[in-house]
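> Quick one: sequence plus predicted model below, questions after.
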Amino acid sequence: MKFEYSGRHIEVTPALRSHVEGHFKRIEHIFRGKPIKVHVIIEVERGRHRSEIVVNWRNDVLTATTRNSDMYRSLSASIDKIEKQALKLKNKVIDRSHRATKVGTITRRTAELKPAPASPRIIPARRTFSTRTSRHPTGKGASSASSSCHPPSYRMRSSPSC
């Protein structure tokens, strides 16, 4: 592991360095195999301690940023975020490499399957409306509003016939 530290408005003390390196020793089993480069940026602004950790591992970049009133807690939270990202990435890589190939690609299909014959299509019957003889509101009176060709929601007021 290669560590690089940057301090903005704060001096990076040996205690901060040992805190970060101690936490990374706890999670180095995740990064085993490929060399990693860690860039730790520490910043103090108006009493807020901000830590940003950028890890270059394999061909990926893991980044975590945390703000807290205590620098050590901020660093610990950022390292925990990096640990979660690294575990997710490593599990993704492992799952991808252990994925089985599909049987259809290994063996040739000797007989093509035919689709099942379609079942007969059922068409629902249209609901009919009862006819009544009553006078139309306009006074022309031959047909009823409910006896039109359309259901009541489609009726047109100006013309009762189709």
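That came in fine, so what should we check first? Just so it is clear, the structure is predicted and the values come from calculations on it, not from any experiment.
> For Phe31, which non-adjacent residue is closest in space?
Closest residue to Phe31 apart from its sequence neighbours, by Cβ to Cβ, 6 or more residues apart in numbering: Trp57 at 6.0 Å. C-beta coordinates here come from the backbone N, C-alpha and C atoms, glycine included.
> For Lys37, see how far away the one you found is.
Noted for Trp57: a distance of 8 Å to Lys37, by Cβ to Cβ, to the nearest Å.
> Same drill for the two, tell me which one is more crowded.
Trp57 (21 against 13; other Cβ atoms under 10 Å).
> Now the more buried one: phi and psi?
Here is the backbone geometry of Trp57 (degrees, to the nearest 10): phi -140, psi 130.
> how long is stretch 42-56 from one end to the other?
In terms of Cα to Cα, to the nearest Å, the two terminal residues of stretch 42-56 are separated by 18 Å.
> I would like the residues contacting it, please.
Applying Cβ atoms under 8 Å, 6 or more residues apart in numbering, the external contacts of stretch 42-56 come out as 5-10, 12, 16, 36-41, 61-71, 74-75, 77-79, 81-82, 86.
> Which positions in the lengthiest helix in the chain come out as buried?
Identified as the longest helix of the chain according to DSSP state H is helix 71-97. For helix 71-97, burial by neighbour count (16 or more other Cβ atoms under 10 Å) applies to 71, 74-79, 81-83, 85-86, 90.
> Just the mean pLDDT for it, thanks.
Average pLDDT, helix 71-97: 87.
> Now distance to Ser119 too, for the buried residues of helix 71-97, in a markdown table please.
Output for the buried residues of helix 71-97, formatted as a markdown table (distance: Cβ to Cβ, whole Å):
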| residue | distance to Ser119 |
| --- | --- |
| Met71 | 71 |
| Ser74 | 65 |
| Leu75 | 66 |
| Ser76 | 64 |
| Ala77 | 60 |
| Ser78 | 61 |
| Ile79 | 61 |
| Lys81 | 55 |
| Ile82 | 57 |
| Glu83 | 56 |
| Gln85 | 52 |
| Ala86 | 53 |
| Lys90 | 50 |
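> which residues of the chain fall in strands?
All strands of the chain, identified by DSSP state E, fall at 2-8, 36-45, 48-57, 60-68.
> Which strands border the first one, and is each parallel or antiparallel?
Within its sheet, strand 2-8 is paired with strand 36-45 (parallel), according to DSSP bridges.
> The partner strand vs helix 71-97, what angle?
Interaxial angle, strand 36-45 versus helix 71-97 (axes from the mean of the first three to the mean of the last three Cα atoms, to 10 degrees): 150 degrees.
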